[in-house]
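In: sequence unknown, structure follows:
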């Protein structure tokens, strides 16, 4: 089972390894949830949330105050919110396991370069 500590450790590893990440902020943490931000620029960041009880996991690339891309797991099923239509909720059966944040960040890196978001 993927836990809050696992997500935090993966975020710290990503911050050390990935050239485009500038900072990590733990936004909120309870006994069973964690919410993080990984900053690319002040106005471009990754929002990550994990709820241990439900197994919910949400990753979103945010620009300004709006999501521009995302992948999440709800009820054990993965979904993608594509860059061209971030409010759409498409099935994503391949998911991101076993290291979901790092896999999500490979998508983000490609989008940052393709869409000149740096």
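Out: Cool, got the structure. Not measured: the values here are computed from a predicted model.
In: from here on, contacts and neighbour counts on C-alpha atoms
Out: Noted.
In: now do the SS call for the residue of the chain positioned farthest from its centre.
Out: Most distant from the centre of the chain: residue 31, at 20.1 Å, with distances by CA atoms, centre = their mean. Three-state call for residue 31 (DSSP: H, G, I helix; E, B strand; the rest coil): coil.
In: also residue 98?
Out: Following three-state DSSP, the label given to residue 98 is coil.
In: what's the spacing between it and residue 112?
Out: 23 Å (CA to CA, to the nearest Å).
In: which one's more surrounded, the two?
Out: Neighbours per residue (other CA atoms under 10 Å) separate residue 98 from residue 112, with residue 112 holding more: 15 against 9.
In: so the more buried one sits right up against residue 83, yeah?
Out: No - applying CA atoms under 8 Å, one finds residue 112 not in contact with residue 83, separated by 10.7 Å.
In: tell me where the model's unsure across this protein.
Out: Scanning the chain for pLDDT under 70 picks out no residues.
In: could you pull out the helices for it?
Out: With helices called from DSSP state H, the chain shows them at 4-17, 100-114.
In: the residue farthest from the centre of the chain and residue 116: what is the separation?
Out: Residue 31 sits 38 Å away from residue 116, going by CA to CA.
In: next: residue 4.
Out: As judged by CA to CA, residue 4 and residue 116 stand 32 Å apart.
In: how about the nearest residue to the residue nearest in space to the middle of the chain, chain neighbours excluded?
Out: By CA atoms, centre = their mean, the mean C-alpha position of the chain lies nearest to residue 59, the distance being 2.8 Å. The shortest distance from residue 59 to any residue other than its chain neighbours is 4.6 Å, reached at residue 48 (CA to CA, 6 or more residues apart in numbering).
In: is it true that that neighbour touches residue 62?
Out: No - contact criterion CA under 8 Å: residue 48 and residue 62 do not qualify, at 10.5 Å.
In: between residue 4 and residue 116, which one's more packed in?
Out: Neighbour totals were compared for residue 4 and residue 116, and residue 4 leads with 20 against 8 (other CA under 10 Å).
In: tell me who's in contact with the residue lying closest to the more buried one once chain neighbours are set aside.
Out: Spatial nearest neighbour of residue 4, chain neighbours left out: residue 34 (5.7 Å); criterion: CA to CA, 6+ apart. Taking CA atoms under 8 Å, 6 or more residues apart in numbering, we find residue 34 in contact with 4, 26-28, 49-51.
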